[in-house]
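J.: With the sequence up front, the predicted model follows.
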There are 2 protein chains.
Amino acid sequence: MKRVETQILKLLLESEKSVWELLDTSWFTVKDFIDAINRLFSEGIIGVKNDKIYLTEKGLKIVGKRVLDFKVETCDVCERKGITFNGEFKEIAEKFSQIVRDRPQPDASFFQGYMREHDVISRVALMHYYNDLTDKSFILIGDDDLLSVALALTGLPSKILVLDIDARLGEYLSKVRGKYGLNIEFQQYNVSDPLPKDLVGKFDVFSSEPLETLSGLKSFLSRGIACLNEDGVGYVGLSTAEASPKKWKSVELMLLKMNCVITD
Amino acid sequence: MKRVETQILKLLLESEKSVWELLDTSWFTVKDFIDAINRLFSEGIIGVKNDKIYLTEKGLKIVGKRVLDFKVETCDVCERKGITFNGEFKEIAEKFSQIVRDRPQPDASFFQGYMREHDVISRVALMHYYNDLTDKSFILIGDDDLLSVALALTGLPSKILVLDIDARLGEYLSKVRGKYGLNIEFQQYNVSDPLPKDLVGKFDVFSSEPLETLSGLKSFLSRGIACLNEDGVGYVGLSTAEASPKKWKSVELMLLKMNCVITD
């Protein structure tokens, strides 16, 4: 039985669940997940009742209940992030939520979406954990998440430059800069265009939530890495919902060939 | 300033620390760490008093105390592992500690050492989180940690085969098998020898704590991967204390070229 299938069966053994609840805790692509659901259904291992998916008698026989005696849960303190933040970060989380309330809404034509606010602060905290915040120069390749605002609120980075295709973001950041005195620079830029030469090798840290097509990933990552100096560091978001193991492998190979090491 | 240096300074800003305390929280190689300590000392940025390292006046000026207002800590619930375990795992942790009390002691000539007992159970729990425990066939390339015993105590794997160079381990496991009725097979094997053909492609999961020389890593990992079937999975330990970023990069490239994806 495939790994995606055993995961679904284990979740259903705990209790019946909606397809969304199952999908939410899956670390496989949506496509592989749906294929597995269909396969399990057609084989009579799972059934559907009142929009909930459940294990059939046949399914129950296959799984074996002893599995349930062993409880493993995602750490509910850090949500698998491995770090927790406190002190000024708590205040910054609140300020950040207030400031971004009137953020530009995602524009589907740019394939935008954004991280939860708590996750943005967690990312900044992770950077601090790795000492990549204080006195560091940042370049953000895309900034749907307004990470720039969270970074600037700490007052720790020496420079924050946002490259983004969306001119509305530039206007918004300019307003934020004026109103809250935050030091964020903006340059309109389409990752399919060549990188402005004066940015190459000039930054300590880049961060990006790339488009998850392979060509999109390549553009975002190669731009980000080109902007780094020798000891530079990148923070990149990649999901398992849209990117298959095969795509992960390509991206990882790409990063290593660009002389990067994958850490977390 | 290099990343390893800023990390040391941030830790010293909290309080003076012994070199061991600093090293314990460092994620750089021991060599890079010691080089950094020496450089900071020769530049008068840190000093030593009563075996404790402290920031000098000059050092304090360089760091800037605002850094301290931002608290990020390793999650103290999961210790950056991201998962927590409960239920039967608690009992198995206790049984495991009892059973391994008379384990063979590490033999320096084999470059052995072992994980803390809690970490062994955490590894088994992580496997269960990823559904890689129930009904899976395991091959362990080396078993200094006695992971085989922890795995067998769950009763969930369908097969556990240990390959290890150390005949004493085989004797010990045979005793454990008899005394506690645990189903663990042992085969004496030196990773520098060719892999027995009947093991190739036969297992769902391998686990290994390889020798951290590049050739050692290559032997352990290639053997492990060769034993896996198509949908197989490997759990591998690699430190930052002995393996430089350059070595990490080589190992990651190696894994990708062997058609693996790096997940956590």
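T.: It's in. Numbers count the residues shown, from 1 in each chain, chains lettered A, B, ... in the order given.
J.: Now do the domain split for chain A, please.
T.: A:3-69, A:88-257 (automatic domain parsing).
J.: residue contacts, A:Val19?
T.: Applying CB atoms under 8 Å, 6 or more residues apart in numbering or on different chains to A:Val19 gives the contacts A:Ile37, A:Ile53. For every residue, glycine as well, the C-beta is placed using N, CA and C.
J.: Check the domains of chain A for me and report the most buried one.
T.: domain A:88-257 (a mean of 18; mean count of other CB atoms under 10 Å in any protein chain shown).
J.: Start and end of that domain, how far apart?
T.: With CA to CA, to the nearest Å applied, domain A:88-257 spans 38 Å between its terminal residues.
J.: which SS state does A:Met28 fall under?
T.: Not quite, residue A:28 is Phe, not Met. Taking DSSP: H, G, I helix; E, B strand; the rest coil as the rule, one finds A:Phe28 in the coil state.
J.: coming back round to it: how about the domains of chain A in TSV, adding mean pLDDT?
T.: Output for these, formatted as TSV (pLDDT from 0 to 100):
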stretch	mean pLDDT
domain A:3-69	90
domain A:88-257	92
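J.: And A:Arg103, how far from A:Gly237?
T.: Separation of A:Arg103 from A:Gly237 (CB to CB, to the nearest Å) stands at 18 Å.
J.: do the same with A:Gly170
T.: A:Gly170 is 22 Å from A:Gly237, by CB to CB.
J.: Equivalent analysis for A:Gly178, please.
T.: Plainly put, A:Gly178 is 29 Å away from A:Gly237 if you go by CB to CB.
J.: same deal with A:Gly142?
T.: A:Gly142 is 10 Å from A:Gly237, by CB to CB.
J.: again with A:Lys247
T.: A:Lys247 is 14 Å from A:Gly237, where distance means CB to CB.
J.: cool, and A:Gly216?
T.: The gap separating A:Gly216 from A:Gly237 is 13 Å, by CB to CB.
J.: where do the contact lists of these two overlap?
T.: The contact lists of A:Gly216 and A:Gly237 share A:Pro210, where a contact means CB under 8 Å, 6+ apart.
J.: The helix or strand harbouring A:Lys246 - contacts with which helices or strands?
T.: Per DSSP states H and E: A:Lys246 is located in helix A:245-257. Judged by 3 or more CB pairs under 8 Å, 6 or more residues apart in numbering or on different chains; DSSP states H and E, the packing partners of helix A:245-257 are helix A:214-226, helix B:245-257.
J.: Excluding chain neighbours, what is closest to A:Ile121?
T.: In this structure, A:Ile121 finds its nearest non-sequential neighbour in A:Ala93, 4.5 Å apart by CB to CB, 6 or more residues apart in numbering or on different chains.
J.: Hmm, the one you found is touching A:Glu117, no?
T.: Yes - between A:Ala93 and A:Glu117 there is a contact at 7.0 Å, judged by CB atoms under 8 Å.
J.: Flag every residue of the stretch 1-150 of chain A that's near chain B.
T.: Counting by CB under 8 Å from any CB of the partner chain, the stretch 1-150 of chain A comes close to chain B at A:2-3, A:6-7, A:10, A:64, A:66-67, A:69-78, A:80-89, A:125-126, A:128-135.
J.: mind running it again at 7 Å?
T.: A:2-3, A:6-7, A:10, A:66-67, A:69-75, A:77-78, A:80, A:82-89, A:125, A:128-129, A:131, A:134 (CB under 7 Å from any CB of the partner chain).
J.: For B:Gly87, see how far away A:Glu21 is.
T.: Distance of A:Glu21 to B:Gly87, given as CB to CB: 21 Å.
J.: Using the three-state scheme, assign A:His118.
T.: The three-state label given to A:His118 by three-state DSSP is helix.
J.: Let me fix that, I meant to ask about A:Phe186.
T.: strand.
J.: wait, what's in contact with it?
T.: A:Val162, A:Gly170, A:Leu173, A:Ser174 (CB atoms under 7 Å, 6 or more residues apart in numbering or on different chains).
J.: CA atoms only: put the helix or strand encompassing the first one into PDB for me.
T.: Right, A:Val162. Assigned by DSSP H and E, A:Val162 falls within strand A:159-164. The C-alpha trace of strand A:159-164 is given here as PDB (Å, rounded to 0.1, in the frame of the first residue of the first chain):
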ATOM      1  CA  LYS A 159      18.300  47.400   4.800                       C
ATOM      2  CA  ILE A 160      15.100  45.900   3.400                       C
ATOM      3  CA  LEU A 161      14.500  46.000  -0.400                       C
ATOM      4  CA  VAL A 162      11.300  44.600  -1.800                       C
ATOM      5  CA  LEU A 163      11.200  43.500  -5.500                       C
ATOM      6  CA  ASP A 164       7.600  42.800  -6.600                       C
END
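J.: Could you check the angle the following helix or strand past that strand makes with strand A:159-164?
T.: As assigned by DSSP H and E, the chain's next helix or strand after strand A:159-164 is helix A:167-180. Angle, helix A:167-180 to strand A:159-164, by axes from the mean of the first three to the mean of the last three CA atoms, to 10 degrees: 150 degrees.
J.: Kindly state the distance between the middle of helix A:167-180 and the middle of its chain.
T.: How far helix A:167-180 lies from its chain's middle: 24 Å, per CA atoms, centre = their mean, to the nearest Å.
J.: what helices or strands is that helix leaning on?
T.: Helix A:167-180 sits against strand A:185-188, with contacts defined as 3 or more CB pairs under 7 Å, 6 or more residues apart in numbering or on different chains; DSSP states H and E.
J.: The strand it packs on - which strands sit beside it in the sheet, and in what orientation?
T.: Here strand A:185-188 is paired, per DSSP bridges, with strand A:159-164 (parallel).
J.: Give me the angle between the strand it pairs with and helix A:214-226.
T.: Going by the same axes, to 10 degrees, strand A:159-164 makes 160 degrees with helix A:214-226.
J.: Which stretches in chain A count as helices?
T.: A:3-14, A:19-24, A:30-42, A:57-63, A:88-99, A:117-129, A:147-154, A:167-180, A:214-226, A:245-257 (DSSP state H).
J.: Which residues does the longest one contact?
T.: Applying CB under 7 Å, 6+ apart, the external contacts of helix A:167-180 come out as A:Ile99, A:Arg103, A:Pro104, A:Asp143, A:Ser148, A:Val149, A:Val162, A:Leu182, A:Ile184, A:Phe186, A:Gln188.
J.: and which of the residues you listed is nearest B:Lys257?
T.: A:Asp143 (34.6 Å; CB to CB).
J.: wait, that closest one sits on A:Ile165?
T.: No - judged on CB atoms under 7 Å, A:Asp143 makes no contact with A:Ile165 at a distance of 10.3 Å.
J.: Restricted to strands, list the residues of the stretch 1-150 of chain A next to chain B.
T.: Using DSSP state E, A:Phe70, A:Lys71, A:Val72, A:Glu73, A:Thr74, A:Ile83, A:Thr84, A:Phe85, A:Asn86, A:Gly87 are the members of the residues of the stretch 1-150 of chain A next to chain B that sit in strands.
J.: Report the beta-bridge partners for the third one.
T.: It stands for A:Val72. Beta-bridge partners recorded for A:Val72 (DSSP bridges): B:Phe85.
J.: on that earlier part again, export the helices and strands packed on helix A:245-257 to a markdown table and tack on distance to B:Lys58?
T.: What follows is these, written out as a markdown table (distance: least, CB to CB, whole Å):
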| stretch | distance to B:Lys58 |
| --- | --- |
| helix A:214-226 | 34 |
| helix B:245-257 | 29 |
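J.: For A:Ile262, which of the ones you listed is the nearest?
T.: Of those, the one closest to A:Ile262 (CB to CB) turns out to be helix B:245-257, at 5.7 Å.
J.: I am finished for the moment; much appreciated.
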